[in-house]
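# okay, sequence plus prediction incoming.
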Amino acid sequence: MIRKVSIALGALALAGGIVAASASDDPIASRKAMMKNTGASIGVMGKMAKGEMPFDAVQANLAMRAINNAAIGVVHLFPAGSETGGDTEAAPKIWEDMAGFVEKAKAMEDVTADAIAFPAASLDDLKEQLGKLGGTCKGCHEGYRIKKS
Amino acid sequence: MKRLFRLFLLLAVAGAGVFWWLTQPSRLDALPASMQGYAGDRANGELMFYAGGCSSCHAAPGSDDKTRLAGGVRLDSPFGAFVAPNISPDPKDGIGGWSALDFVNAMTKGVSPGGSHLYPAFPYTSYQRMKLQDLLDLKAYLDTLPAVAGKAPPHEVGFPFNIRRGLGLWKLLYLDGQRFQPDPDATDEVNRGAYLVNGPGHCGECHTPRDLIGGLRTDKWLAGAPNPEGKGIIPNITPHEQGLASWSNKDIAYALESGFTPDFDSLGGSMGKVVGNTSHLGAQDRDAIAAYLKSLPPLPNGYKAKQ
């Protein structure tokens, strides 16, 4: 048991180390991974909303928490010097208007924090929360992302 | 020498005459008798307002209120910057003084009440497909919105595109004057989708690539295009593997409702505003759009790999 726990802890530490290293070494790869992970979290709730998965309050709440984490950290994944490269779809507007960008990230942080504080008890609740959350995705992707493929 | 000069003068005058004749704005003189005095169905007009995406360009930039149509959004195109005008019912700065006929002429002929050509940044090449009744319903709905004073800034378009008369030639090439024709072999649902996509929705205006003088490449209909407003691309929405082949009808309808793609990326760029409109349509209409897009001939991307 102790062995298992220590292996697990070791693995976690290693994973943490890798994340930290890649975030500082390659913010473009890190933010792409963060966006993919956020998409997967939204997918859990989206599939419920689309009727492809039964509503599950616990899973929905966990997904909101994961997205809240992403929203809290997102602005730090766009440091100066990461404007170009790696097929980034980040728009130059991010660095021209960092205050506006931070405001958009804050909107997502607020919407998810709200959903964590008042967890969806029904599919209708979830749809409403997801609608607000989607608005904050769009809010940023409208002006701060350039679709390239 | 004198004779040569005379000949030149004659040709120039004749040329100018032909240009003048060819570029005359063509207009409807009257609504058909059956539609005169038609009051308009405001509920359907509101639906057309969302299907047509009027507020995406005509609501003031940055405003969350989609019903105050003060104009001011800039469209930066290769031909210059077009600024969407005020189309609120303000009688002086908006279109409050327009008759139903004036409105129909603007929407389908691209001609202002004063008789000058409108720039096709206003997508009348698509709006011309709309049913007359839908146009009059839309006018009736727009009349109910708040009047907002103040003109939007003028377009910033350089020579020769600043000569509006020249648009008459462009229209000879690209404004065919045809209303939407349903395909007798297609289902009602697909025809409804085709109408929404190619008429009010004006999807092709961004999703279809343009030729050198800004005409839509009908051979690459909805196959995706370089972004007409700058960097990046507008995706292929035909059911090709480079487009929507892997999307189910439900995926398309859900994306138009929620803004989420099947892998739960979120639609952005100018499509963000489009979703803000399509989310107001009925589920049946979103399903119809999906059914039409899936019925299209699959085409490879209408843009080159790197933009």
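Yes, it's here. Bear in mind the structure is a predicted one, so any value in this text is a computation, not a measurement.
# tell me the contacts of the one residue sitting closest to the centre of chain B?
In chain B, the C-alpha nearest the mean C-alpha coordinate belongs to B:Pro123, at 2.2 Å (C-alpha atoms, centre = their mean). B:Pro123 sits next to B:His202, B:Glu205 when contact means C-beta atoms under 8 Å, 6 or more residues apart in numbering or on different chains. (Glycine included, C-beta is placed from N, CA and C.)
# separation between it and B:His58?
12 Å (C-beta to C-beta, to the nearest Å).
# how about A:Ser149?
Distance from A:Ser149 to B:His58, counting by C-beta to C-beta: 31 Å.
# these two: who's more crowded?
Per other C-beta atoms under 10 Å in any protein chain shown, whichever of A:Ser149 and B:His58 has more neighbours is B:His58, with 24 against 14.
# would you confirm that the more buried one contacts B:Val73?
Yes. Assessed by C-beta atoms under 8 Å, B:His58 is found in contact with B:Val73 at 7.2 Å.
# joint contacts of these two?
With C-beta under 8 Å, 6+ apart as the test, B:His58 and B:Val73 both reach B:Ala84.
# which residues does B:Trp20 contact?
B:Arg165.
# phi, psi for it please.
phi -60, psi -40 (degrees, to the nearest 10).
# per-residue pLDDT, it?
Per-residue pLDDT puts B:Trp20 at 87.
# just A:Lys50 next, same as before
On the pLDDT scale, A:Lys50 gets 91.
# spatially nearest residue to it (excluding sequence neighbours)?
Nearest residue to A:Lys50, sequence neighbours excluded (C-beta to C-beta, 6 or more residues apart in numbering or on different chains): B:Tyr254, at 5.5 Å.
# quick one: pLDDT of the one you found?
The model's pLDDT for B:Tyr254 equals 96.
# can you check the one 5 residues further on too?
According to the per-residue confidence, B:Gly259 scores 95 in pLDDT.
# how about the contacts made by it?
Counting by C-beta under 8 Å, 6+ apart, the residues that B:Gly259 touches are A:Gly134, A:Gly135, A:Cys137, A:Lys138, B:Ser266, B:Leu267, B:Gly272, B:Val275, B:Ser279.
# which residue does the stretch 151-300 of chain B bring closest to chain A?
Distances between the stretch 151-300 of chain B and chain A by C-beta to the nearest C-beta are smallest at B:Gly268, namely 2.5 Å.
# quick check: that residue touching A:His141?
Yes. Contact criterion C-beta under 8 Å: B:Gly268 and A:His141 qualify, at 2.5 Å.
# any idea how far the residue nearest to the centre of chain B lies from A:Arg65?
Relative to A:Arg65, and taking C-beta to C-beta, B:Pro123 is found at 43 Å.
# in chain A, what residue comes closest to chain B?
A:His141 (2.5 Å).
# give the helix, strand or coil label for that residue.
helix (DSSP: H, G, I helix; E, B strand; the rest coil).
# what about it, neighbour count?
For A:His141, the count of nearby residues is 23 (other C-beta under 10 Å).
# likewise A:Asp110?
Neighbours of A:Asp110 (other C-beta under 10 Å): 14.
# which element is it on?
For A:Asp110, the host element (DSSP states H and E) is helix A:98-117.
# got a list of what B:Pro78 touches?
So B:Pro78 contacts B:Gly214, B:Pro228 (C-beta under 8 Å, 6+ apart).
# pLDDT score assigned to it?
For B:Pro78, the predicted pLDDT is 88.
# for B:Pro226, see how far away it is.
10 Å.
# what do you get for B:Leu172?
25 Å.
# so which of the two has more stuff around it?
B:Pro226 (17 against 12).
# right, and that one touches B:Ile233 too?
Yes. Between B:Pro226 and B:Ile233 a contact is recorded at 5.9 Å, counting by C-beta under 8 Å.
# would you map the helices across chain A?
Under the criterion DSSP state H, helices of chain A are mapped to A:2-25, A:27-50, A:57-73, A:93-96, A:98-117, A:123-144.
# just send the ones you listed back as JSON lines, with distance to B:Arg42 too.
As requested, those are exported to JSON lines (distance: least, C-beta to C-beta, whole Å):
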{"stretch": "helix A:2-25", "distance to B:Arg42": "54"}
{"stretch": "helix A:27-50", "distance to B:Arg42": "31"}
{"stretch": "helix A:57-73", "distance to B:Arg42": "38"}
{"stretch": "helix A:93-96", "distance to B:Arg42": "38"}
{"stretch": "helix A:98-117", "distance to B:Arg42": "33"}
{"stretch": "helix A:123-144", "distance to B:Arg42": "26"}
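# what's the closest of those to B:Phe82?
Nearest of the helices of chain A to B:Phe82, taken as C-beta to C-beta: helix A:123-144 at 18.9 Å.
# please state the offset of that closest one from the chain centre?
12 Å (C-alpha atoms, centre = their mean, to the nearest Å).
# other SSEs contacting that helix?
helix A:27-50, helix A:57-73, helix A:93-96, helix A:98-117, helix B:249-258, helix B:270-278 (3 or more C-beta pairs under 8 Å, 6 or more residues apart in numbering or on different chains; DSSP states H and E).
# out of those helices, flag the one nearest B:Val111.
Among these, if distance is taken as C-beta to C-beta, the winner is helix B:270-278, at 25.5 Å.
# ramachandran angles for the residue nearest to the centre of chain B?
phi -80, psi 60.
# try the one 5 residues further on
Torsion angles at B:Gln128 (phi, psi; degrees, to the nearest 10) stand at phi -60, psi -20.
# report the helix or strand with the lowest average pLDDT across chain A.
helix A:2-25 (a mean of 53; mean pLDDT, DSSP states H and E).
# ok, back up a step: isn't the residue of chain A closest to chain B up against B:Val275?
No. In this structure A:His141 lies outside contact range of B:Val275 using C-beta under 8 Å: 10.3 Å.
# need the overlap of contacts for these two.
Here A:His141 and B:Val275 have B:Leu267 as joint contacts, going by C-beta under 8 Å, 6+ apart.
# poorly predicted segments of the chain, please.
Defaulting to chain A. A:1-24 (pLDDT under 70).
# the intended chain is chain B.
B:1, B:306-307.
# show me where it has helices.
Counting by DSSP H, the helices of chain B are B:2-22, B:42-52, B:54-58, B:100-109, B:124-127, B:132-142, B:167-174, B:188-198, B:204-207, B:249-258, B:270-278, B:283-295.
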